[in-house]
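>>> need coordinates for the following:
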Amino acid sequence: MNVNAALAGRFAGAPLRIGTRTSVLAMTQAERVAALIGGFGVTTEIVPIQVTSDLWSGDLSAIGGKAAFSKQIDRALTGGEIDVAVHCVKDVPGDVPLPEGTAFGAYLEREDVHDVIVSRDGTPLADIPAGSLIGTSSVRRRAQLCIHRPDLRTERIRGNVDSRLARLREQDGPFAALILARAGLQRLGLAGHVTEVLPVEFRTPGEGVVGMVPPVGAGVLGIQARTADTPVMLMLDQLNHPATAGHILAERTMLHMLRGHCNSPIAGYATTTPDGQMSLFGMVFNLDGSQFVRSRAWGDPADPATLGSRVAADLLHQGAGRLITATRE
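Alright, predicted model coming up:
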């Protein structure tokens, strides 16, 4: 089937509607997707949708976990109010299935997966004074920070990236630094704020370097659509980046088997090695990082789900289930 012709028939006289959250970052990401879809000769319209998480500054578990990032968008997609939805894959829950009749038709090529330090005065993490307050909304980051700098305090900080940076710069503000995703800063043209890029490899405390293993789905945008919408699914297949899709399948298989939730400090990322194998590294922490398990395995890139299952099984064998259960209490 000719994709352009199918799309022209499907959207004759009407735009393809792209659903997204209302933040500046989400809108920027949707504009990128709109430009890609425009390459098929289709007119697009971005539909901003206010989601529950954007109106809530507290613990996500109180409003249904990471599903609060997307449930209004899911409703708009299944109800036919939008044709595709754009998501940061790291924000898509692993313990809640996608709505029936929908799927990710495309994963765009993975961008940077590093976490970064943005400090008030340019001080790197190792030199920030003991007792200083670090802002992060991620239990994964908090657990790993506690391993390396248990002398620092953390406080939840949520909201748009620009609003977080504004809070950091407040005169006499409480935060000495923030931990943020490098990819988000790059997408917004704010990479110049970065003080320090943290390695993605796990480091033991004695090594003197703070590693920050990324979350499942880091640096990847996923485009979700209705599976019955054949022209749109065919188009998304052409936008899909196969290597990234394989890495995401391995990571999310691991996450699903671990049955983690929004308060579970889980980290993991897949890569392709120089000899063509797929590697998957996964970790599960307790909330203060004092206990953790880790696993790495290699496998056939043609079977990422099996690799994800192997790493999850090893983590569970080491006691990951106990750590995850404890974070529910």
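>>> so where is this protein shaky, pLDDT-wise?
Residue ranges of the chain with pLDDT under 70: 1, 52-69, 206-208, 329.
>>> sec struct for the residue nearest the centre of it, please.
The centroid of the chain falls nearest to Lys90 when counting by C-alpha atoms, centre = their mean (1.8 Å). Secondary structure assignment for Lys90 (DSSP: H, G, I helix; E, B strand; the rest coil): helix.
>>> excluding its backbone neighbours, what's nearest Gly319?
Distances taken as C-beta to C-beta, 6 or more residues apart in numbering put Val293 closest to Gly319, at 5.8 Å, once the chain neighbours are dropped. In short, each C-beta sits where N, CA and C put it, glycine included.
>>> ok now the helix or strand where that neighbour lies, how far from the chain's centre?
Using DSSP states H and E, Val293 falls within strand 292-299. Put simply, strand 292-299 sits 20 Å off its chain's centre (C-alpha atoms, centre = their mean, to the nearest Å).
>>> so which bits of the helix or strand just after that strand are buried?
Where DSSP H and E defines the elements, the next helix or strand beyond strand 292-299 is helix 304-317. In terms of neighbour count (16 or more other C-beta atoms under 10 Å), helix 304-317 has its buried residues at Pro304, Ala305, Leu307, Gly308, Ser309, Arg310, Val311, Ala312, Ala313, Asp314, Leu315, Leu316.
>>> export the residues you listed as a markdown table, with columns for distance to Ala14.
Below are the buried residues of helix 304-317 laid out as a markdown table (distance: C-beta to C-beta, whole Å):
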| residue | distance to Ala14 |
| --- | --- |
| Pro304 | 37 |
| Ala305 | 37 |
| Leu307 | 42 |
| Gly308 | 39 |
| Ser309 | 42 |
| Arg310 | 46 |
| Val311 | 44 |
| Ala312 | 43 |
| Ala313 | 48 |
| Asp314 | 50 |
| Leu315 | 47 |
| Leu316 | 48 |
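>>> give the contact list for the residue nearest to the centre of the chain.
Ala181, Pro214, Pro215, Val216, Gly217, Ala218, Gly219, Val220 (C-beta atoms under 8 Å, 6 or more residues apart in numbering).
>>> ok, Asp95 next?
For Asp95, the contacting residues are Gly65, His256, Arg259, Gly260, His261, by C-beta under 8 Å, 6+ apart.
>>> what do you get for Glu31?
By C-beta under 8 Å, 6+ apart, the contact list for Glu31 reads Ile46.
>>> next: His148.
Leu125, Arg203, Pro205, Val210, Gly211.
>>> in this structure, which spans are helices?
3-10, 24-38, 71-78, 139-148, 161-168, 182-187, 230-239, 242-258, 304-317, 320-328 (DSSP state H).
>>> and the angle for the first one with helix 230-239?
With axes from the mean of the first three to the mean of the last three C-alpha atoms, to 10 degrees as the criterion, the two stretches helix 3-10 and helix 230-239 enclose an angle of 150 degrees.
>>> Arg158 - nearest residue in space that isn't next to it in sequence?
The shortest distance from Arg158 to any non-neighbouring residue, by C-beta to C-beta, 6+ apart, is to Ser137 (4.6 Å).
>>> surely that neighbour meets Glu155?
No - at 9.4 Å, Ser137 does not count as touching Glu155 under the criterion of C-beta atoms under 8 Å.
>>> of the two, who's got more company?
A count of neighbours by other C-beta atoms under 10 Å puts Ser137 above the other of Ser137 and Glu155, at 19 against 12.
>>> ok, now which ones touch the more buried one?
Arg156, Ile157, Arg158.
>>> am I right that Glu196 is in contact with Pro124?
Yes - counting by C-beta under 8 Å, Pro124 is a contact partner of Glu196 at 4.7 Å.
>>> mind listing the shared neighbours of those two?
Ile117.
>>> so between the two, which is more surrounded?
Taking other C-beta under 10 Å, Glu196 and Pro124 do not tie; Glu196 has more neighbours (19 against 12).
>>> before we move on, back to that, tell me the one of the contacts of Asp95 nearest Ile49?
Using C-beta to C-beta, Gly65 is the member of those that lies nearest Ile49, at 18.4 Å.
>>> that older thread, most neighbours, which of the contacts of Asp95?
Gly260 (25 neighbours).
>>> right, and it touches Gly321 too?
No - if you go by C-beta under 8 Å, Gly260 and Gly321 don't touch, sitting 10.0 Å apart.
>>> which ones are touching the residue nearest to Gly319?
Neighbours of Val293 in contact, by C-beta under 8 Å, 6+ apart: Met283, Val284, Leu315, Gln318, Gly319, Ala320, Leu323.
>>> quick check on these: which are buried?
Judged by 16+ other C-beta under 10 Å, buried ones among the contacts of Val293: Met283, Val284, Leu315, Ala320, Leu323.
>>> give me the distance between Met27 and Pro48.
From Met27 across to Pro48, the span is 7 Å (C-beta to C-beta, to the nearest Å).
>>> for Val33, same thing?
14 Å.
>>> who has more neighbours out of these two?
The residue with more neighbours, out of Val33 and Pro48, is Val33; 22 against 14, by other C-beta under 10 Å.
>>> alright, I will stop here.
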